[in-house]
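1. got a sequence here, can you build the structure:
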Amino acid sequence: MLLLLAAIVWLPLAVIELAGAAHDLHIDVDRFDHGAVLVGFAVVLIFELLTTELLAAASEKMVGNDLHGTHLPTLGEFFRNVPWVGLLVGALVYELGVAIGLLLFVVPGVLMFVCGVVSGPVIVAEGCSPIRAPWRSRELVRDSFWMVLLVASLGIVLTEVIAGAVAAALDALPHDWALITGEYFVHVVTTPVLGMGTAVLYYALLDREPARTRDEPAGAGSS
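-> Numbering: from 1, shown residues only. Sure, this is the predicted structure:
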């Protein structure tokens, strides 16, 4: 079900990129429009973030409902109840924090990558604000840092292995077509797996959290 959803939501971007490749669209350096390029980059970035967060939210709902023994929400309930703006802002905060951290001698970026890894599920399941979410994620990860680092690293390795396998399988296609088709298949396969893995990791960390801490409101302790 999640793979089918991923195949559907990633399809528009792949179709647009393939259409550009089919019509041999290239950037004319003599008439380079920086504004148009930046707008296009922003649109693709937001689309990819929204698509990734949609699949992550669906994963959290599936795992959470299975653990709680409740029925999955209808499609309408899902879209109404998930804090989409908070998820998008939270993803931007997390990605920006990791990027800045990597620029600051790598180690801060790795720490941010690991400590904020369950920010998305925190926003969906606990109603946490996107600014508070990385700190709440850190609270959950704090006592299981090395285990989370291992799991997160395995996710990166899995993505690279799948990307390499897809690239080898599509080697016979023209370069542009192979690149776009390969990215599509990698997105379709990896985003559900990583989303489901993150949701499972979140509930595992929540289960390890001391009961007295778990009973506090999501925003408790912030100042």
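2. element containing Val200?
-> Under the criterion of DSSP states H and E, Val200 resides in helix 175-208.
3. helices and strands around that helix, which ones?
-> Helices and strands touching helix 175-208, as assessed by 3 or more Cβ pairs under 8 Å, 6 or more residues apart in numbering; DSSP states H and E, comprise helix 2-22, helix 34-68, helix 119-126, helix 133-141, helix 145-169. For the C-beta atoms, the positions are set from N, CA and C on the backbone; glycine is no exception.
4. could you give the separation of the last one from the chain centroid?
-> Right, helix 145-169. 14 Å (Cα atoms, centre = their mean, to the nearest Å).
5. repeat for the fourth one
-> In terms of Cα atoms, centre = their mean, the centre of helix 133-141 is set 16 Å apart from its chain centre.
6. show me what it packs onto, helices and strands only.
-> Helix 133-141 packs on helix 84-103, helix 107-115, helix 119-126, helix 175-208, going by 3+ Cβ pairs under 8 Å, 6+ apart.
7. residues in contact with the most centrally placed residue in the chain?
-> The centroid of the chain falls nearest to Thr52 when counting by Cα atoms, centre = their mean (4.5 Å). Shown in contact with Thr52 (Cβ atoms under 8 Å, 6 or more residues apart in numbering): 91, 191, 195.
8. again with Glu95
-> Leu49.
9. for it, give me the pLDDT.
-> Per-residue pLDDT puts Glu95 at 88.
10. separation between it and Ala7?
-> The gap separating Glu95 from Ala7 is 24 Å, by Cβ to Cβ, to the nearest Å.
11. of the contacts of Thr52, which is the nearest to Leu158?
-> Proximity of the contacts of Thr52 to Leu158 was ranked by Cβ to Cβ; the top entry is Thr191 with 11.7 Å.
12. might one say that the closest one is in contact with Ala7?
-> No - with contact defined as Cβ atoms under 8 Å, Thr191 does not count as touching Ala7 (10.4 Å).
13. when these two are compared, which one has more neighbours?
-> Neighbours were counted for Thr191 and for Ala7 using other Cβ atoms under 10 Å; Thr191 has more, 25 against 16.
14. residues touching the more buried one, list them.
-> With Cβ under 8 Å, 6+ apart, Thr191 has these contacts: 6, 10, 51-52, 55-56.
15. give me that answer again for 10 Å
-> By Cβ atoms under 10 Å, 6 or more residues apart in numbering, the contact set of Thr191 is 2-3, 5-6, 9-10, 48, 51-56, 59, 159.
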